[in-house]
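Asks: Model the structure of this input:
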Amino acid sequence: MATSVISGPQRKLALVIGISNYVYGSNLPNAINDAKAISSALKSIGFILYENGPKLNATCNEIRHALIDFIGSIKKGDMVLFYYAGHGIQWKDKNYLIPSDNYKEETKDNIVEKVKLSGSDLQIHAINAQEVHNNIYDRHPFVTMLFLDCCRTYDLPDQQSQQNGRGEPINHSQGLKPMSAKAGSLIVFACAPGTVADDGKAGETNGLFTKHLLEHIKTPNKDVQKILANVTKGVIQESKSKQLPHVTSILTETDIFLYDHISGK
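Replies: As a prediction, the model looks like this:
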């Protein structure tokens, strides 16, 4: 949360996660490329990366442990950035980031089997994106930024079986639902809520959103919201308006530079 007594961030911290390989469902070849490239870009502009690089193809427990360590390291007044590339989905008005071990274990006839996660399993076996935001915010950073490039098509076994109180099927949208930002926060989706993002054209190594983010993220002395306006413009133009990045901002400071070239921060 930004405060008037802090003129700029004490440190710039980032946790970057990329997941390409899943036990169930489609793999995302470019997700780990996205995470590697974003990590390299952030390090080049002075961010301190958790464990000095991205966490790739992480399991649910690995992500949870990383979040505990990373969030615990945040000090009041830090600039904090969380980036995730991989599968993400909304379920019952919550957004979940899907780990590489997207299964649960069930025992049948004394044999342990891996079973694909249903929506009702996500609270235990996936990462609640809103909780990530809230837990970072509770550490009172200078600014909290979430970049979620995870709006790919992801199917759940019980999507078609859910019914409302009138017995009508519940339509669970793809992509993510809008998230609640707190004062001093910025939440960025690769595409509009309820839609899916382009994972990159054949032969390209990055998803469409991250491709354009990489083109602008190292721009010196430019407010992050202006950087995102350029990213959004590029994504819209290249996708012919099929993909529209979505930004939720309640920033309370101006001139939020990812790269402050004058001060070297």
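Asks: Tell me which other helices or strands the longest helix along the chain touches.
Replies: For the chain, the helix reaching the highest residue count under DSSP state H is reported as helix 224-239. In terms of contacts (3 or more Cβ pairs under 8 Å, 6 or more residues apart in numbering; DSSP states H and E), helix 224-239 is packed against strand 185-189, helix 208-216, strand 246-250. Every C-beta, even on glycine, is put in place using the N, C-alpha and C of the backbone.
Asks: Residue 40 is nearest to which of these?
Replies: Smallest distance to residue 40 across the helices and strands packed on helix 224-239 (Cβ to Cβ): 9.2 Å, for helix 208-216.
Asks: Give me the contact list for the closest one.
Replies: Here helix 208-216 makes contact (Cβ atoms under 8 Å, 6 or more residues apart in numbering) with 30, 34, 37-38, 41, 85, 147, 149, 190-191, 197-201, 204, 206, 227, 230-231, 234-235, 238-239, 243, 245.
Asks: Quick check: PyMOL command selecting the buried ones in those residues.
Replies: The following PyMOL line selects those of these that are buried, judged by 16 or more other Cβ atoms under 10 Å:
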select buried, resi 30+34+37+38+41+85+147+149+190+191+197+198+199+200+206+227+231+234+235+239+243+245
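Asks: Who is residue 144 paired with across the strands?
Replies: Note on residue 144: beta-bridge partners by DSSP bridges are residue 80, residue 185.
Asks: these two touch, right, it and residue 133?
Replies: Yes. Here residue 144 reaches residue 133: they are 6.6 Å apart, a contact under Cβ atoms under 8 Å.
Asks: any shared contact partners between the two?
Replies: 182, 185.
Asks: For these two, indicate the residue with more neighbours.
Replies: Using other Cβ atoms under 10 Å, the more surrounded residue of residue 144 and residue 133 is residue 144, with 31 against 24.
Asks: now that we're looking at the more buried one, how far away is residue 54 from it?
Replies: Separation of residue 144 from residue 54 (Cβ to Cβ, to the nearest Å) stands at 19 Å.
Asks: again, but for residue 119
Replies: Counting by Cβ to Cβ, the gap from residue 119 to residue 54 is 28 Å.
Asks: Next: residue 259.
Replies: Distance of residue 259 to residue 54, computed by Cβ to Cβ: 19 Å.
Asks: what's around residue 222, how many residues?
Replies: Neighbours around residue 222, by other Cβ under 10 Å: 18.
Asks: Just the CA trace of stretch 103-116, in PDB.
Replies: What follows is stretch 103-116, C-alpha atoms only, in PDB (Å, rounded to 0.1, in the frame of the first residue of the first chain):
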ATOM      1  CA  TYR A 103      -4.400 -34.000  -9.900                       C
ATOM      2  CA  LYS A 104      -5.400 -35.500  -6.700                       C
ATOM      3  CA  GLU A 105      -4.700 -39.000  -5.400                       C
ATOM      4  CA  GLU A 106      -7.600 -41.500  -4.800                       C
ATOM      5  CA  THR A 107      -7.300 -45.100  -3.600                       C
ATOM      6  CA  LYS A 108      -9.300 -47.700  -5.200                       C
ATOM      7  CA  ASP A 109      -8.900 -51.400  -4.400                       C
ATOM      8  CA  ASN A 110      -5.600 -50.500  -2.600                       C
ATOM      9  CA  ILE A 111      -4.300 -48.900  -5.700                       C
ATOM     10  CA  VAL A 112      -3.400 -45.200  -5.600                       C
ATOM     11  CA  GLU A 113      -4.600 -43.400  -8.800                       C
ATOM     12  CA  LYS A 114      -4.100 -39.900 -10.100                       C
ATOM     13  CA  VAL A 115      -7.400 -38.100 -10.800                       C
ATOM     14  CA  LYS A 116      -7.800 -34.900 -12.700                       C
END
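Asks: avg pLDDT for that stretch?
Replies: Mean pLDDT, stretch 103-116: 86.
Asks: Use 19 as the first number from now on
Replies: With the count now opening at 19, the last piece we talked about shows up as stretch 121-134.
Asks: Now for residue 200: which residues touch it?
Replies: By Cβ under 8 Å, 6+ apart, the neighbours of residue 200 are 19, 151, 152, 155, 162, 268.
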